[in-house]
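>>> Starting from these lines, generate the structure:
(2 chains)
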Protein chains: 2
Amino acid sequence: MVGGGQLARMTHQAAISLGVPLRVLARDPDDAAAQVCADVRIGDERSLDDLRAFAKDCDVVTWDHEHVPQELIKALEEAGTPCRPGSAALLHAQDKLVMRERLSSFGAPCPAFARVPREEPLPFLESFAREHGLPVVVKATRGGYDGKGVWVLNDLDRDARELVDRLLADGVDLLVEEHVAFRRELAAMVARSPYGQGAAYPVVETVNRDGVCHEVICPAPGLDDDTAAEAHRLALDIAEHFDVTGILAVELFETDGGLVVNELAMRPHNSGHWTIEGARTSQFEQHVRAVLDLPLGSTEATAPYVVMANVFGGGPDDGADAVYARYVHVMAHDPAVRVHMYGKRPRPGRKIGHVTALGDDLDEVRARARHAADYLRWGPAMKEHA
Amino acid sequence: MVGGGQLARMTHQAAISLGVPLRVLARDPDDAAAQVCADVRIGDERSLDDLRAFAKDCDVVTWDHEHVPQELIKALEEAGTPCRPGSAALLHAQDKLVMRERLSSFGAPCPAFARVPREEPLPFLESFAREHGLPVVVKATRGGYDGKGVWVLNDLDRDARELVDRLLADGVDLLVEEHVAFRRELAAMVARSPYGQGAAYPVVETVNRDGVCHEVICPAPGLDDDTAAEAHRLALDIAEHFDVTGILAVELFETDGGLVVNELAMRPHNSGHWTIEGARTSQFEQHVRAVLDLPLGSTEATAPYVVMANVFGGGPDDGADAVYARYVHVMAHDPAVRVHMYGKRPRPGRKIGHVTALGDDLDEVRARARHAADYLRWGPAMKEHA
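Down below sits the predicted model:
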């Protein structure tokens, strides 16, 4: 797996059970996965030499993130290394304009979108805004994640114009989308194997703030069966059209007019962390099974409600030991809450772990997950930040 | 964790979630845990130098097996290294005679037992057999596991006499026990922290052949509440009397006259592998929490029935790849069965993995676990070995 983040770290836990030796390519020995894996290669995933040395003797290469350049993945493929997902599939998770064009070509519901031209961008945006209304959403076509690379423009006055001019001048390619008035955000996760087998997890609600996932609720409360089936069909269609192998997470807006595709990820995804305890087969094991072309595992939920809450850094006493000291309260307060920490320094706003609660009563399960996540961040100062 | 077997391997999976860096002392880089852990020291747990070098900078030292000599554990303790469980507790899992004497001293139910004297052992055994009947069970006081070091003598004729004489001449200390006519075997697993907190898992039935565990059923079918409570009380009492820290597994005989203690293990134990998916907190995480003096996790079962079946080596085509090739059938046949392989070469009779099934219908759950375990061993030749 290329990339040494928490997704590779949790994939390693799953690979151990299957007896599958996981090698990771990490930039730094302190990376989340590099801390816990036996077979770690230190290198840069933007270097073909590093990638080639890493991939030697690997049966399959897969990805912890989308940031490996297309031409390098293609070079690996041309040298005969099976890459799953492959470069052609991954392009749709790397380039938001390509994704929109291809999704639209087979009728997947998207917001209105257009490439922002380098010549006369402002008149173009003004025309787009007249047609689709304000705000508009401007996105870098490549390189964004967790809300980075996305700008919601409430008007096209001076600040907005300066932003667009600066980005284009910096060489960033932009796309503009209509702002979707959504009721809430959902995510549909599926896996697909090279053989063509598909498996779909229950559709979840994701609670995001500033583009960053804070909480995931499984199943999405009150979701009607038709919409859930539509979300599954959409995700399985996308997986097939794009020839995805491994996990595909489709972030969706639920609107008055139906579902709209927001973003895609072709790897284990934050919206699927609940599956570690909450589904019979975790997304991490499922990804390993899919990329190795093994039969996929059951996606059945193990409890009526499962809630995952991310743990962020940035509370008081920001040492790793401070977070560890808070285990005593969290574990004594709720012996059934599940704690997952990634070995990352708790910088403000950084995802350093997650917690999962399961049970029959949604309000109670949400409160338990929320309490544990907040306490791990804030400690006894939590009340001030409620 | 001293020892590089599958218990350390699965403990590593649990430690990753808690952000606890696990170092293992393994004899060989190919050991089950050494294959998957980032921090592996190669050495011999019977060498004080190796143990000392390993334990340097460790917050706590714990054990994957009982085979570290007492004097070496004491030396670590005297140098200030917290060992959990400590030498005084561990002695009861290392020396069966000490265990019997101490258990009897506080009234824990044991079979009749006695040390076999080095002078005139046969007349002593004959006298013991006259009092308690035949067969008698002769055990090496130290060093046995998985049925090794245990001999059931149906008579005291020539073969038996030669065996006893040979063992004593080889320096093996022996104890003799009355043969317990049991209805079935049970196991009670508890955890205890230095703080003194205890937690008990549901009592399971273990199905053993020739002293080797083949199957574990949670909960023990048809076990009445009084007997389950008695098993819990007994295990928690033993943990407290022996000052156990970490997991304690108490193997029990269920007899017409009540429960009788068979063996003890002070570490994660084969009878608790079902907890990985079948309990809210696995025995491996529980052990880590207990030895770090963190609050213990919920032991609640996650399904009405959980069955674990061990996978043994020794089918046809005994390469590791042959077992892997069988994944396709096992996973396609039952997408919900959970597979755990230990990265061990499949020698005949060797435990190389286990499978777990969960559900509402005990017969079905047992059949699923059995099918997966048998297929992983035998492959398509399974039918001939039904």
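>>> Please make it C-alpha for all contacts and neighbour counts, starting now.
Will do.
>>> Which stretches in the stretch 251-386 of chain A count as strands?
A:258-265, A:305-312, A:338-341, A:351-359 (DSSP state E, counting those that start in this stretch).
>>> Just send those strands back as JSON lines, with mean pLDDT too.
Listed next are the strands of the stretch 251-386 of chain A as JSON lines, based on pLDDT from 0 to 100:
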{"stretch": "strand A:258-265", "mean pLDDT": "96"}
{"stretch": "strand A:305-312", "mean pLDDT": "98"}
{"stretch": "strand A:338-341", "mean pLDDT": "98"}
{"stretch": "strand A:351-359", "mean pLDDT": "97"}
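>>> closest one to chain B among those?
Chain B lies closest, by CA to the nearest CA, to one member of the strands of the stretch 251-386 of chain A: strand A:338-341, at 4.4 Å.
>>> What pairs with the closest one, parallel or antiparallel?
In the sheet, strand A:338-341 lines up against strand A:351-359 (antiparallel) (DSSP bridges).
>>> hey, C-alpha coordinates of the lowest-mean-pLDDT helix or strand in chain A in CSV?
The weakest-scoring helix or strand in chain A, judged by mean pLDDT, DSSP states H and E, is helix A:320-325 (a mean of 82). In CSV, the C-alpha atoms belonging to helix A:320-325 read as follows (Å, rounded to 0.1, in the frame of the first residue of the first chain):
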residue,chain,number,x,y,z
ALA,A,320,0.5,12.5,22.8
ASP,A,321,0.8,11.5,26.5
ALA,A,322,-2.0,13.9,27.4
VAL,A,323,-4.4,12.1,25.1
TYR,A,324,-3.3,8.8,26.5
ALA,A,325,-3.9,10.0,30.0
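>>> other SSEs contacting that helix?
Helix A:320-325 sits against no helix or strand, with contacts defined as 3 or more CA pairs under 8 Å, 6 or more residues apart in numbering or on different chains; DSSP states H and E.
>>> Quick one: residues in contact with it.
With CA atoms under 8 Å, 6 or more residues apart in numbering or on different chains as the test, helix A:320-325 has contacts from A:344-346, A:376-377, A:379.
>>> now the strands for the stretch 51-200 of chain A?
Along the stretch 51-200 of chain A, the stretches classed as strands by DSSP E, counting those that start in this stretch are A:113-115, A:136-140, A:150-153, A:174-178, A:184-192, A:198-200.
>>> Of those strands, which stretch is the most buried?
Mean neighbours per residue, mean count of other CA atoms under 10 Å in any protein chain shown, is largest over the strands of the stretch 51-200 of chain A for strand A:184-192, with a mean of 26.
>>> dump the residue contacts of A:His62.
No, residue A:62 isn't His; it's Thr. Under the criterion of CA under 8 Å, 6+ apart, the contact list for A:Thr62 reads A:1-2, A:83-85, A:291.
>>> go with 10 Å
When contacts are counted by CA atoms under 10 Å, 6 or more residues apart in numbering or on different chains, A:Thr62 touches A:1-3, A:8, A:24, A:55, A:82-86, A:245-246, A:266-267, A:287-288, A:291-292.
>>> Where do the helices of the stretch 51-200 of chain A begin and end?
Under the criterion DSSP state H, counting those that start in this stretch, helices of the stretch 51-200 of chain A are mapped to A:70-78, A:87-94, A:96-105, A:121-132, A:158-169.
>>> so what's A:Ala372 up against?
Contact analysis of A:Ala372 by CA under 10 Å, 6+ apart lists A:309-311, A:326-327, A:329-331, A:333-334, A:337-339, A:354-357, A:378-379.
>>> re earlier: got the strands of the stretch 51-200 of chain A as CSV, with mean pLDDT and distance to B:Tyr201 columns?
Below are the strands of the stretch 51-200 of chain A laid out as CSV (pLDDT from 0 to 100; distance: least, CA to CA, whole Å):
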stretch, mean pLDDT, distance to B:Tyr201
strand A:113-115, 97, 56
strand A:136-140, 96, 52
strand A:150-153, 94, 49
strand A:174-178, 97, 54
strand A:184-192, 98, 34
strand A:198-200, 98, 33
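>>> Buried ones in the helix or strand that contains A:Thr227, by neighbour count?
Assigned by DSSP states H and E, A:Thr227 belongs to helix A:225-241. Going by neighbour count (16 or more other CA atoms under 10 Å in any protein chain shown), the buried part of helix A:225-241 is A:228, A:231-232, A:234-240.
>>> Taking the residues you listed, tell me the two that lie furthest apart.
Farthest apart among the buried residues of helix A:225-241 by CA to CA are A:Ala228 and A:Glu240. That separation is 18.4 Å.
>>> Would you map out the domains in chain A?
Here the domain parsing of chain A from automatic domain parsing is A:6-83, A:112-178, A:184-385.
>>> And these: which comes nearest B:Leu125?
Closest to B:Leu125 of the domains of chain A is domain A:6-83 (CA to CA; 46.7 Å).
>>> Grab the nearest non-local neighbour of the residue positioned nearest the centre of chain A.
The residue lying closest to the centre of chain A (CA atoms, centre = their mean) is A:His269, at 3.8 Å. Of all residues not flanking A:His269 in the chain, A:Ala249 sits nearest, at 6.5 Å (CA to CA, 6 or more residues apart in numbering or on different chains).
>>> Great, nothing more from me.
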